[in-house]
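> Need a 3D model of the sequence below.
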Amino acid sequence: MLKEYRADLHIHTILSPCTELTEMLPRAIVTRAHQIGLDVIAICDHNSSENVSPTQKVSLTGGLVVLAGIEITSKEEVHTLGLFNGAEEVRKVQEVVYSTLPGENDEESFGYQVVVNERDEAVYFNKRLLIGATTLSLEEVVELIHSFNGLAIASHVDREAYSIIGQLGFIPPGMALDALELSPKIRVEEARKNFPQCRDYPLITSSDAHSLDDIGKSSTTFVMEGVSVAEIQLALLGTQGRRVLL
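This next block holds a predicted model:
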């Protein structure tokens, strides 16, 4: 039976050094998502997935589905979301990302990168330069995500910084992206007018939340039979009755 699911598929935790350090904890994120009526969220920290599993554990009793995600920065400094069904798939992607991510975090300059448990307790501080770029090309990032049965979605394509259009000026022909994400700052009609290539791909809107107030600021409603990466893919393709409502 088809049902509407309201989803925010781009949320950061305190593992991302650019977030509100005292706010973006698993229990607080899940509570906020419930309060504003979200059915699905995805945790997509910069170049890491270590806070995915704790957030999924928090959500188990509340009916909220937490998808496993990661936001990978290519060597061209393009951000791409990878969405997966389980923490194991994204963990394997993370291993590849870590092996191609140079540098060490300067906490005074960039902020702390905190790995926590489901009780919001700090486990350790990640010392990798998570806000840096990997040595993977954009094409390699997309291939990596697909190799673990994930969805590859270009992040906030309407922004000048760290987006595929902002960094490259266009979407390379044949780039096998599953969708493009719009930020809360632009409406769909405006994006299609200003960025013609937005007409060539399925679109979603997400919050890219770095604070609790940002969660759900922009969201996408999917018409699906349950929540899974496969169902979202069908909705993006508009097949078998599944569809995206923007």
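
> Centre of the chain to stretch 51-69, how far?
Its chain's average C-alpha position is 14 Å from that of stretch 51-69, according to CA atoms, centre = their mean, to the nearest Å.

> should've said stretch 3-12
Centre to centre, stretch against its chain (CA atoms, centre = their mean), the figure for stretch 3-12 is 10 Å.

> per-residue confidence at the closest residue to Leu136 other than its chain neighbours?
Computed as CB to CB, 6 or more residues apart in numbering, the closest residue to Leu136 that is not its neighbour in sequence is Thr100, at 5.2 Å. All C-beta atoms are positioned from the backbone trio N, CA, C, and that covers glycine. The model reports Thr100 with a pLDDT of 98.

> Check whether Thr100 really touches Gly132, as I assumed.
No: in this structure, Thr100 is not within contact of Gly132 by CB atoms under 8 Å, at 10.5 Å.

> before we move on, the earlier item: OK, contacts around the residue nearest to Leu136?
Shown in contact with Thr100 (CB atoms under 8 Å, 6 or more residues apart in numbering): 134-136.

> how much space is there between it and Val227?
30 Å (CB to CB, to the nearest Å).

> Then Asp178?
16 Å.

> Quickly note the distance from Asp106 to Val114.
15 Å.

> now the strands for the protein?
3-11, 40-43, 65-73, 79-84, 114-116, 122-125, 151-154, 179-182, 203-205, 220-224, 243-245 (DSSP state E).

> possible to save those strands as a markdown table with mean neighbour count?
A markdown table is the format used below for the strands of the chain (neighbours: other CB atoms under 10 Å):
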| stretch | mean neighbour count |
| --- | --- |
| strand 3-11 | 22 |
| strand 40-43 | 27 |
| strand 65-73 | 25 |
| strand 79-84 | 26 |
| strand 114-116 | 20 |
| strand 122-125 | 12 |
| strand 151-154 | 24 |
| strand 179-182 | 25 |
| strand 203-205 | 24 |
| strand 220-224 | 22 |
| strand 243-245 | 16 |
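
> Out of the ones you listed, which is closest to Arg27?
Arg27 lies closest, by CB to CB, to one member of the strands of the chain: strand 114-116, at 9.5 Å.

> Which strands border the closest one, and is each parallel or antiparallel?
Applying DSSP bridges, strand 114-116 is found paired with strand 122-125 (antiparallel).

> At which residues are the helices of the protein located?
Chain-ordered helices for the chain, with DSSP state H as the definition, fall at 26-35, 52-59, 87-99, 107-110, 138-147, 164-168, 188-194, 229-237.
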